Every structure is written in C-alpha cells, then in structure tokens.
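Asker: Give the three-dimensional model of this entry:
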Amino acid sequence: MKNDAVYIIGGYQTDFARNWARENKHIAAMMREAYQGSVEATKLDAGDIKAAFIGNFAGELYCTQGHLGAFFVDFDRRFAGLPTMRFEAACASGAMALLSAMAHIEAGIYDLICVIGVELMKSVDSAKGGDFLGTAAWYEKECVGIEFPFPKLFGKLGDEYDKRYRLDNKYLARIAEINYSNAKNNPNAQTRDWYMSFDHACTTGKYNSVIIGRIKVTDCSQITDGAACLYLASQSYAAKYAASRGLKIDGIPKIEGWGHTTAPMEFARKIADSAKGQYVLPMTRKAITDAYHRAGIKDCWELDAIETHDCFTTSEYMAIDHFGLTKPGESWKAIEDGIIEKDGKLPINPSGGLIGCGHPVGATGVRQLLDAYKQVAGTAGEYQVPNAKRVATLNIGGSATTNVCFIVGGNG
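Answerer: As a prediction, this is how the structure comes out:
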C-alpha cells in the first residue's frame, strides 16, 4: 500500500574538519562512524532498518574503491543479506540516494531506509582532485587539460549574470562572509575556526588568490572528507517510533515536496537554452518550483530557511533569485537588505553551507537534508533559526546539470 508521507527520523554528520586520509582510515570507516553516530542519535533499533542506500560520487577515483553499499552489511550482524545500493550524480549523489529511498518508501517496499552520503577527497593533491571533479562535467569537451575546471565553469555563471543583469563582485564577497560566519556556530563545520571577513573576501593576493576571473579562493567551497547518515521512514513506522517515545507524529519532520530535473551536460548548452528566458538556469528553477507545487506552497516566503548548494558564491547568488527571493537578476537586493543572513527574513545556509560547513561531494545532499531536519525539529543548536517550521534544500550536480530540491516541514 502506498504511504501518505515520508518522514525523517534523524541522523548524524561526521566532523567535516577531519582529514581521514591523513588518519589513514578507509572510506568504510567513515561510513561506519556516520552509521554508529546515527543509531546513537536516534536510538533506533538496527533490526528495523530494511535497506541502506549510499550516495557517493567518485570513490573509485579518490580511494580506488567502488561497491560501497556492500560495506554496510558489516556494521551489524543483523544486516546479513540486507539490500544495499549505491547512487551517483556528481555533487547530487546524496540527493539521488534520498530520492530513491523516498520512492521505495512511498511504494510500500520498505518502512525504514538508512541513507548515507560519503566522500573521501583529501587522498590526492588539489590538481588531481580538480581533475577528478571534472568528470562531473563533460570531461572531454570542458575539462581536459584545464586546471581546476569547475571554478572556471561557475565563474562563467557569474559572467553570464554580469552580461545579462550586471554583477558587482562585492555581493559574492558578502555571500562568502555570511557562510563563514554561520559556520562558526556549527560544531561540525570545516571552517568553524577559520578567519574570514568581508574585506578579506574582497581582496586578492597571497591569502586569497584568483583562480580565474571573478572566482577567488574565498568564493569556493571546501575540499572535504566527510559522511552524513539519515533515516527515511514510512508514516506507519514514524507513528510507531513516535508512540514508543511519547511523541506526536506531527512533531517528526517529513518531506513535504521535492523537485528533480536534469539539464544538458555542457554548460554552454545550458546558457544557450536559457538565452531568451529570465532565469539563467531554468532547469534549476523548475526543480524548485516543482518542489513548491508538491509541498502545496506558493513561493519562498512560506519557507523559514534554505540550505543551498553554494559550491561557489556564484551558485548561491543564482539560487537567491531562482528560489524567488528577488526577481531574476536582482539577487543583490536580498544580500544588501540582509534577507539571507542568519537573523534575516529568509536565512540561507545557517549551517555554513558548502563554503563554510564543507563539501564532501557525495555527502552534501544528505547533509543538507539532515540540517533541514534539525532546523524543523529545533535541534540545530547554535545555528538554529528560531521557530523554523519549513526548510528547503537545493543540491546540484555538475554545472547545475542534476538539480534536486526538497521541502522539509511538519513541525507540529
């Protein structure tokens, strides 16, 4: 029987400041810690878990390891024979695992699924890692022989905004400053102890080198080792879970809506396709509006916070108008008016986002949903948005090729 809703039971995030490669630990150890931490956090009975879905981008490249789902069965003797799967869609790999888990639950196949997003990235130097990340784009056409291809692709996103609407780089610097500032309140954020200021983000030189054009080091998300674990549950399981703990099911966050689109792989094709439209990335916009429609909300002003994919400051700048905080091309207004700040009308990335919290590629989509869960459940600690009842996430893979938006709500 099809379930009416998919609930989020809770989960766990590893400390994104850790360097697992330097600790000489296998990627399976990272997955195990995320799983064990999640069981401790949720007090779930491991015997209730009916499947495990793993999001990972490039284990074969970074640590010469594929087939990651199979490691899960080693985490508890009761997992012998448990169904496991691994999902890949570049930086949206975690979101793909979540979407599939959600579909399996809605179809009535499983009542409780463990979803883990994981990436071990510090096993190689930055040049080789940048080349690996290039496989998330059209490698032969966009990345071969190009150093750090993704900063350049997302630099082009900023260039397109500048061409169509004008873009003052001071707004990108302010995005960086806000995310670093938010990360200081997140005990698992990679940059929680790092220095950052608006003036530093505006300057160039030894401590903030230019990668290409408007993209400087402070405009980039982090290279991160990390994992996040989350549980999706059917309505019947969530009701039993709540009753056993003296809770009301209305107090357990749930997925209210979702959107999933795929744009052409090549960035130039995306821009060409949107040339006559208002939105620079219309497929990203469609994923968001599809999520709004499924959640039964009209616009972004029915949200209390957003966790978006700020792989670069330009991608967050794009997300501001694509979520509808401003008209197309006017994202700068939401920045200037303080709307996206932690205490603003609609905070963006209270966790610190990918720039502040970190970006273990395969884990990001799961981490975002876990943070949305925490906000709605009121358990985000020092980075809690007061009275948050509905939070959106946007996870994108490649140069906004795969786009996934979730709406989390249900705080009774």
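Asker: Could you list the paired strands of the helix or strand hosting residue 116 along with their orientation?
Answerer: Using DSSP states H and E, residue 116 sits within strand 112-119. Strand pairing for strand 112-119, determined by DSSP bridges: strand 51-55 (parallel), strand 226-234 (antiparallel).
Asker: all helices of the stretch 1-150 of the chain, in order?
Answerer: Assigned by DSSP state H, counting those that start in this stretch, the helices in the stretch 1-150 of the chain fall at 27-42, 59-62, 93-106, 126-133, 149-165.
Asker: which one of those lies closest to residue 295?
Answerer: Closest to residue 295 of the helices of the stretch 1-150 of the chain, according to C-beta to C-beta: helix 93-106, at 13.4 Å. Every residue, glycine included, has its C-beta placed from N, CA and C.
Asker: Buried residues in that closest one, which are they?
Answerer: Of all the residues in helix 93-106, those buried under the rule 16 or more other C-beta atoms under 10 Å are 93-102, 104-106.
Asker: which two in those are spaced the farthest apart?
Answerer: Between any two of the buried residues of helix 93-106 (C-beta to C-beta), the greatest distance is 20.7 Å, for 93 and 106.
Asker: Just read off the phi/psi values of residue 179.
Answerer: Dihedral angles of residue 179 (phi, psi; degrees, to the nearest 10) stand at phi -70, psi -40.
Asker: Report the contact partners of it.
Answerer: Applying C-beta atoms under 8 Å, 6 or more residues apart in numbering to residue 179 gives the contacts 310, 316, 349, 352, 353, 355, 356.
Asker: can you tell me which of the residues you listed are in helices?
Answerer: Using DSSP state H, 316, 353, 355, 356 are the members of the contacts of residue 179 that sit in helices.
Asker: Quick one: these as a markdown table, columns for neighbour count too.
Answerer: Shown next, in a markdown table, are these (neighbours: other C-beta atoms under 10 Å):
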| residue | neighbour count |
| --- | --- |
| 316 | 30 |
| 353 | 33 |
| 355 | 31 |
| 356 | 32 |
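Asker: can you list the strands paired with strand 112-119 in TSV and add mean pLDDT?
Answerer: As requested, these are exported to TSV (pLDDT from 0 to 100):
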stretch	mean pLDDT
strand 51-55	98
strand 226-234	98
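Asker: Out of these, flag the one nearest residue 331.
Answerer: Closest among those, using C-beta to C-beta: strand 226-234, at 27.7 Å.
Asker: how far out from the middle of the chain is that closest one?
Answerer: Distance, stretch centre to chain centre, for strand 226-234: 13 Å (C-alpha atoms, centre = their mean, to the nearest Å).
Asker: Which is the succeeding secondary structure element to that strand?
Answerer: Sequence order places helix 235-244 as the next helix or strand after strand 226-234, per DSSP H and E.
Asker: show me where this protein has strands.
Answerer: Ranges of strands in the chain, per DSSP state E, are 6-13, 51-55, 84-87, 112-119, 210-212, 215-216, 226-234, 254-262, 305-307, 391-397, 402-409.
Asker: Can you flag the weakest of those strands by average pLDDT?
Answerer: The minimum mean pLDDT among the strands of the chain belongs to strand 210-212 (a mean of 90).
Asker: What is it packed up against?
Answerer: Counting contacts by 3 or more C-beta pairs under 8 Å, 6 or more residues apart in numbering; DSSP states H and E, strand 210-212 packs against helix 149-165.
Asker: List the buried residues for the helix it packs on?
Answerer: Neighbour counts over helix 149-165 (16+ other C-beta under 10 Å) mark 149-161, 165 as buried.
Asker: Residue 358 against residue 222, yeah?
Answerer: Yes: between residue 358 and residue 222 a contact is recorded at 4.7 Å, counting by C-beta atoms under 8 Å.
Asker: Comparing those two, which residue is more hemmed in?
Answerer: Just comparing residue 358 and residue 222: by other C-beta atoms under 10 Å the higher neighbour count belongs to residue 358, 32 against 22.
Asker: any chance you could read off phi and psi for the more buried one?
Answerer: The phi/psi pair for residue 358 (degrees, to the nearest 10) is phi 120, psi 160.
Asker: What distance do you get for it to residue 260?
Answerer: In this view, residue 358 and residue 260 are 24 Å apart by C-beta to C-beta, to the nearest Å.
Asker: Could you do residue 254 as well?
Answerer: From residue 254 across to residue 260, the span is 18 Å (C-beta to C-beta).
Asker: between these two, which one's more packed in?
Answerer: residue 254 (22 against 19).
Asker: What residues are bridge-paired with that one?
Answerer: With DSSP bridges as the criterion, residue 254 is bridged to residue 7, residue 409.
Asker: Not counting its neighbours along the chain, what's nearest residue 394?
Answerer: residue 308 (4.5 Å; C-beta to C-beta, 6 or more residues apart in numbering).
Asker: hang on, isn't the one you found packed against residue 403?
Answerer: No: assessed by C-beta under 8 Å, residue 308 is found out of contact with residue 403, at 11.2 Å.
Asker: Over to the residue nearest to residue 161 when sequence neighbours are not counted: give its phi and psi.
Answerer: Nearest non-adjacent residue to residue 161, counting by C-beta to C-beta, 6+ apart: residue 167, 4.5 Å away. The phi/psi pair for residue 167 (degrees, to the nearest 10) reads phi -150, psi 120.
Asker: pLDDT below threshold where in the protein?
Answerer: By pLDDT under 70, the weakly predicted segments of the chain are 1-4, 411-412.
Asker: rerun that using 50 as the cut-off
Answerer: Within the chain, the ranges that satisfy pLDDT under 50 run 1-3.
Asker: Redo the strands paired with strand 112-119 as TSV? Include distance to residue 274.
Answerer: Listed next are the strands paired with strand 112-119 as TSV, based on distance: least, C-beta to C-beta, whole Å:
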stretch	distance to residue 274
strand 51-55	28
strand 226-234	32
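Asker: Mind putting these into CSV with mean neighbour count and distance to residue 393?
Answerer: Listed next are these as CSV, based on neighbours: other C-beta atoms under 10 Å; distance: least, C-beta to C-beta, whole Å:
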stretch, mean neighbour count, distance to residue 393
strand 51-55, 28, 13
strand 226-234, 29, 12
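Asker: do you know which of those lies nearest residue 285?
Answerer: Checking the strands paired with strand 112-119 against residue 285 by C-beta to C-beta gives strand 51-55 as the closest, at 23.7 Å.
Asker: Next, the angle from that closest one to strand 391-397.
Answerer: 60 degrees (axes from the mean of the first three to the mean of the last three C-alpha atoms, to 10 degrees).
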